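Chemist: from the sequence below, what's the structure:
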Amino acid sequence: MKKLVLGLVLLVSIGCKKEIRTESSPLIDSLEMNDTIQLDSIELNGSEGKTIFSQGGKTIIVFDTKANTGIININGKKILLDELVFTENNYEISGQNIKITAEDGDFKESENNCNEGIFKCVYIEFEGKLSLLENIKVKDCRDYN
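Modeler: Residues are numbered from 1 along each chain as shown. As a prediction, the model looks like this:
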């Protein structure tokens, strides 16, 4: 079963990325691929000081970098996020029982103190299951003051 899940994850990942980081492989090997994740839209009140992830025009992740808190709604349940790390073109966002990884984003030039980009693949590890989201837009309007 693990080989089947790993094969499925690798097949999907190859379509999204040129290469898979080897440090991610043990994580993917130990998780079950979950196709039933339902992300509910989040109401957004302004973008200043926030990092916002959206798919198909629907806001799915909001992280307030001033307060260092975020939210994602999974299967009708509000999940709190408490850490966001951005390095180069990668995001890692986490909270209790959740880890969101977005790698190799394609970013445009910064406009109005906001960076915008697209991630071909975003992985959500939630309660021991791994879900893949495709074509996720990010708008990062952090307040560095």
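Chemist: and the contacts of stretch 57-75?
Modeler: Here stretch 57-75 makes contact (CB atoms under 8 Å, 6 or more residues apart in numbering) with 37-44, 49-54, 78-84, 93, 95, 98, 100, 124, 126, 133, 136, 142-143. (Each C-beta comes from the backbone N, C-alpha and C, glycine too.)
Chemist: hang on, I meant stretch 39-50
Modeler: So stretch 39-50 is in contact with 52, 55, 58-66, 71-74, 76, 114, 133, 139, 141-143, going by CB under 8 Å, 6+ apart.
Chemist: can you give me the buried ones in that stretch?
Modeler: 39, 42, 49-50 (16 or more other CB atoms under 10 Å).
Chemist: swap in stretch 75-82?
Modeler: Buried, per 16+ other CB under 10 Å, within stretch 75-82: 79, 81.
Chemist: who does the strand or helix carrying Ile118 touch, helix- and strand-wise?
Modeler: Here Ile118 sits within strand 115-126, counting by DSSP states H and E. Judged by 3 or more CB pairs under 8 Å, 6 or more residues apart in numbering; DSSP states H and E, the packing partners of strand 115-126 are helix 2-16, strand 69-74, strand 98-102, strand 106-107, strand 129-140.
Chemist: just checking, Tyr123 touches Ile98?
Modeler: No. Tyr123 is not in contact with Ile98 according to CB atoms under 8 Å; the separation is 11.1 Å.
Chemist: that older thread, the strand holding Ile118 pairs with which strands, parallel or anti?
Modeler: strand 98-102 (antiparallel), strand 106-107 (antiparallel), strand 129-140 (antiparallel) (DSSP bridges).
Chemist: my read: Asn97 touches Lys129, true?
Modeler: No. Asn97 lies out of contact with Lys129 (CB under 8 Å); the separation is 10.4 Å.
Chemist: which one's more surrounded, these two?
Modeler: More neighbours surround Lys129 than the other of Asn97 and Lys129, with 14 against 10 (other CB atoms under 10 Å).
Chemist: which residues does that one bridge with?
Modeler: Here Lys129, judged by DSSP bridges, has bridge partners Glu32, Phe126.
Chemist: that one and Glu43: what is the separation?
Modeler: 26 Å (CB to CB, to the nearest Å).
Chemist: the strand holding Ile118 to strand 69-74, inter-axis angle?
Modeler: Inter-element angle recorded for strand 115-126 and strand 69-74: 60 degrees (by axes from the mean of the first three to the mean of the last three CA atoms, to 10 degrees).
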